[in-house]
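**Q** Curious how this folds, go ahead:
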Amino acid sequence: MNKMIQSIPKIKIQYEKTMLLYQAAMEEVLTRIHILNREFKIENAYSPIEHISSRIKTPKSIYQKLQRQNQPFTMENMMKFVHDIAGIRIVCKFTSDIYSLVSLLENQHDLQILEHKDYIKNRKDSGYQSYHLIVSIPVSLTEGCINTLVEIQIRTIAMDFWASIEHKIRYKYDKEIPPHIQRELLECSDIVRFLDQKMLALNEEIYEEEANHKDDYEQIIDSLKAFI
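**A** The predicted structure is shown next:
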């Protein structure tokens, strides 16, 4: 019993250091994303990101995920089997913004993308749509540099709204959603896809018109220069 009591502070320190690692990794990735967004805005006069949120999984959530995988709750198993302890969610206006961000992240030399899951082109059976990445980023601590995993979810405003409502419904029914409600959710998912496609088409049309007006303006300026 005494040995068990004496080991509790040691386990607590190990857990807190592990969480510090994931917190640091998440902050590193967030910094990269903010910089990429600012650079994109300077070059294109447009920001692809509507808003960003982040979270660290609770001990209870980590334990439940390991339990579902029949794995004991240890620091080693946390790092090996739970890839979304640190999570970042990026919400964009348009689906094209999502793929632009994925491309920008792929070009980060010391941020390694380990896994792509495109639930936009291949949505889940539930109707869920989003783009998921598992990335690895080096974090420097006193004992050295440790590559740490962060999950990034990228979705549109419409996808995020659907996912938020679906999550509340799933929680209410303890993950067993009645069939008729599931059918309604799938119909709403179809509407979300249609809405995103229509809004993207409208945005591209407006952008094209603005580009044409800019070309006309530049031609007028060039013509006026001939008389100066």
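
**Q** how much space between Gln108 and Ile137?
**A** Gln108 sits 9 Å away from Ile137, going by Cβ to Cβ, to the nearest Å. Any C-beta I mention is one placed from the backbone N, CA and C, and that applies to glycine too.

**Q** higher neighbour count, the two?
**A** Ile137 (21 against 16; other Cβ atoms under 10 Å).

**Q** I figured the more buried one hits Val29, correct?
**A** Yes. With contact defined as Cβ atoms under 8 Å, Ile137 counts as touching Val29 (5.8 Å).

**Q** joint contacts of those two?
**A** Leu111, Val150 (Cβ atoms under 8 Å, 6 or more residues apart in numbering).

**Q** Could you check how far the residue most central in space within the chain is from Lys117?
**A** By Cα atoms, centre = their mean, the chain has its centre lying nearest to Gln153, at 2.2 Å. Relative to Lys117, Gln153 is positioned 9 Å away (Cβ to Cβ).

**Q** what is the closest residue to Gln112 other than its chain neighbours paired to in the beta sheet?
**A** Excluding the flanking residues, the one nearest Gln112 by Cβ to Cβ, 6 or more residues apart in numbering is Ser136, at 4.5 Å. Beta bridges link Ser136 to Gln112, Leu149, judged by DSSP bridges.

**Q** confidence score at Ser136?
**A** For Ser136, the pLDDT comes out at 97.

**Q** what number of residues lie near it?
**A** There are 18 residues near Ser136, going by other Cβ under 10 Å.

**Q** I'd say it and Gln108 touch.
**A** No. The pair Ser136 / Gln108 is not scored as a contact, 11.1 Å apart, by Cβ under 8 Å.

**Q** low-confidence ranges in the protein?
**A** 1-8, 175, 210-228 (pLDDT under 70).

**Q** quick one, helices of it?
**A** 2-44, 59-68, 75-81, 95-106, 157-172, 179-225 (DSSP state H).

**Q** Asn122: which of these is closest?
**A** helix 179-225 (12.1 Å; Cβ to Cβ).

**Q** if we can go back for a sec, now list whatever residues contact both of Gln153 and Lys117.
**A** Tyr131, His132.

**Q** Any buried residues in stretch 37-48, and which?
**A** Neighbour-count burial for stretch 37-48, counted by 16 or more other Cβ atoms under 10 Å, picks out Asn37, Phe40, Pro48.

**Q** same check, this time on stretch 142-159
**A** By neighbour count on 16+ other Cβ under 10 Å, the buried set for stretch 142-159 is 146, 148-159.

**Q** Most widely separated two among those residues?
**A** Ile146 and Ala158 (37.4 Å).

**Q** what's the residue nearest to Gln112 in contact with, if anything?
**A** Leu111, Gln112, Leu114, Asn147, Thr148, Leu149, Val150.

**Q** close enough to count as contact, the fourth one and Val135?
**A** It refers to Asn147. No. Asn147 is beyond contact range of Val135, at 10.0 Å (criterion: Cβ under 8 Å).

**Q** joint contacts of those two?
**A** Gln112.

**Q** How far off centre is stretch 185-194?
**A** Offset of stretch 185-194 from its chain centre (Cα atoms, centre = their mean, to the nearest Å): 20 Å.

**Q** what's it in contact with?
**A** By Cβ under 8 Å, 6+ apart, stretch 185-194 touches 123, 126-129, 156, 158-159, 161-162, 165-166, 169, 177.

**Q** try it again with 7 Å
**A** Arg123, Ser126, Gly127, Gln129, Ala158, Met159, Trp162, Glu166 (Cβ atoms under 7 Å, 6 or more residues apart in numbering).
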